[in-house]
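Participant: the following block contains a protein sequence and its predicted model.
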Amino acid sequence: MRPIIEFCTNNMHHGTAKLMKKLEENPDYDVIEYGCLGNCGECYLAPFALVNGEIAAAPTAEELEVLIARKIKEIEDMLDLLGG
């Protein structure tokens, strides 16, 4: 299963635009940008994205990148445990 990573256009002022472009280059990810993800409080406060529908938020875009990678690894590990 390919991870789906969703970004909010309104969150790009936190530096997530560069991160989104970088993740788009990975053919193993589905990266989607929306005008709004409906998490306005999160969006205003810090860089964030949704990873398979789960919020990932961090103080910086660089830390968000690490968190997204960690969440993707957790998903992959879970799928391996389930035999899929």
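Facilitator: Cool, the structure landed. Since the structure is predicted, the reported quantities are computational estimates derived from the model, not experimental observations.
Participant: please make it C-alpha for all contacts and neighbour counts, starting now.
Facilitator: Will do.
Participant: give me the most central residue, the protein.
Facilitator: Computing the C-alpha centroid of the chain and ranking residues by C-alpha atoms, centre = their mean puts residue 49 first, at 3.8 Å.
Participant: what's the closest non-adjacent residue to that one?
Facilitator: Ranked by C-alpha to C-alpha, 6 or more residues apart in numbering and with sequence neighbours excluded, the top spatial neighbour of residue 49 is residue 7, at 5.0 Å.
Participant: likewise for residue 62?
Facilitator: The shortest distance from residue 62 to any non-neighbouring residue, by C-alpha to C-alpha, 6+ apart, is to residue 19 (7.9 Å).
Participant: what about that neighbour, distance to residue 60?
Facilitator: Here the distance between residue 19 and residue 60 works out to 11 Å (C-alpha to C-alpha, to the nearest Å).
Participant: residue 70 now?
Facilitator: With C-alpha to C-alpha as the criterion, residue 70 and residue 60 are 15 Å apart.
Participant: what about the helices in this structure?
Facilitator: The residue ranges that make up the helices of the chain, judged by DSSP state H, are 16-24, 40-45, 61-81.
Participant: worst mean pLDDT among those?
Facilitator: Ranked by mean pLDDT, the helices of the chain end with helix 40-45 at the bottom, a mean of 82.
Participant: list of residues touching it?
Facilitator: For helix 40-45, the surrounding residues in contact (C-alpha atoms under 8 Å, 6 or more residues apart in numbering) are 8, 10, 11, 48, 57.
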